[in-house]
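**Q** Need coordinates for the below:
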Amino acid sequence: MRYLGIDYGKKKIGLAVAATTISEVYGTLMVSSDTDALKKIGEVIKKENISEIVVGISEGQMAKDSKYFIEKLKDKFKLPVHMQDETLTSKAAQFLSIQAGIKRKKRKRLEDAYSASLILQNYLDEKA
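**A** As a prediction, this is how the structure comes out:
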């Protein structure tokens with residue numbers, strides 16, 4: 001079973017992957033639209049042989065946007081898509097990247113991917 005973790009955003013999407021019970025940072029996609037996002041995510045799904053997707057859900061308007069995007073993911077890829085609470089993952093990702101000694105510019109670029117990794121790891125831990 002291979003998982004793809006997603007920290008959804010309108011312009012940046014953080015990605016993480018897991019083949020076992022450990023999530024790994026994959027990268028950040030810069031996107032111009034949901035159509036662009038789906039295309040790029042599709043490439044990752046194919047390349048990494050993904051069988052399930054986990055998307056972080058926050059509160060407020062972003063939750064509505066994320067849920068709408070989840071429906072698009074389900075329709076396009078016909079894979080199981082799970083929702084995972086992403087409360088405080090951005091702050092935790094920021095802290096972890098600082099602790100890892102990553103420089104500020106690179107840290108800003110990878111924050112969404114670290115968040116995706118935390119979202120996926122939380123899902124895997126809860127599932128275990």
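**Q** switch to C-alpha atoms for all contacts and neighbour counts from now on
**A** Will do.
**Q** Please report how far the closest residue to residue 11 other than its chain neighbours lies from residue 51.
**A** Closest residue in space to residue 11, ignoring its immediate chain neighbours: residue 31 at 5.0 Å, by Cα to Cα, 6 or more residues apart in numbering. Distance, residue 31 to residue 51, by Cα to Cα, to the nearest Å: 23 Å.
**Q** same question, residue 20
**A** Separation of residue 20 from residue 51 (Cα to Cα): 12 Å.
**Q** what do you get for residue 58?
**A** Distance from residue 58 to residue 51, counting by Cα to Cα: 23 Å.
**Q** Then residue 75?
**A** From residue 75 over to residue 51 (counting by Cα to Cα), the distance is 14 Å.
**Q** Between those two, which is the more surrounded one?
**A** Taking other Cα atoms under 10 Å, residue 75 and residue 51 do not tie; residue 51 has more neighbours (17 against 10).
**Q** Next, give phi and psi for the more buried one.
**A** Backbone geometry at residue 51, expressed as degrees, to the nearest 10, gives phi -110, psi -20.
**Q** is it true that it touches residue 18?
**A** No - using Cα atoms under 8 Å as the test, residue 51 is too far from residue 18 to be in contact (10.5 Å).
**Q** what residues do those two have in common as contacts?
**A** Shared contacts of residue 51 and residue 18, defined by Cα atoms under 8 Å, 6 or more residues apart in numbering, are found at 2, 3.
**Q** downstream neighbour of the helix or strand of the chain with the lowest mean pLDDT in the secondary structure list?
**A** Lowest on mean pLDDT, DSSP states H and E among the helices and strands of the chain sits helix 89-99, with a mean of 65. Helices and strands here follow DSSP states H and E; after helix 89-99, the next one along the chain is helix 104-127.
**Q** Give me the buried positions along that following helix.
**A** Within helix 104-127, the residues that qualify as buried are 107, 109-124, counting by 16 or more other Cα atoms under 10 Å.
**Q** same deal with stretch 58-65?
**A** Those would be residue 58, for stretch 58-65 by 16+ other Cα under 10 Å.
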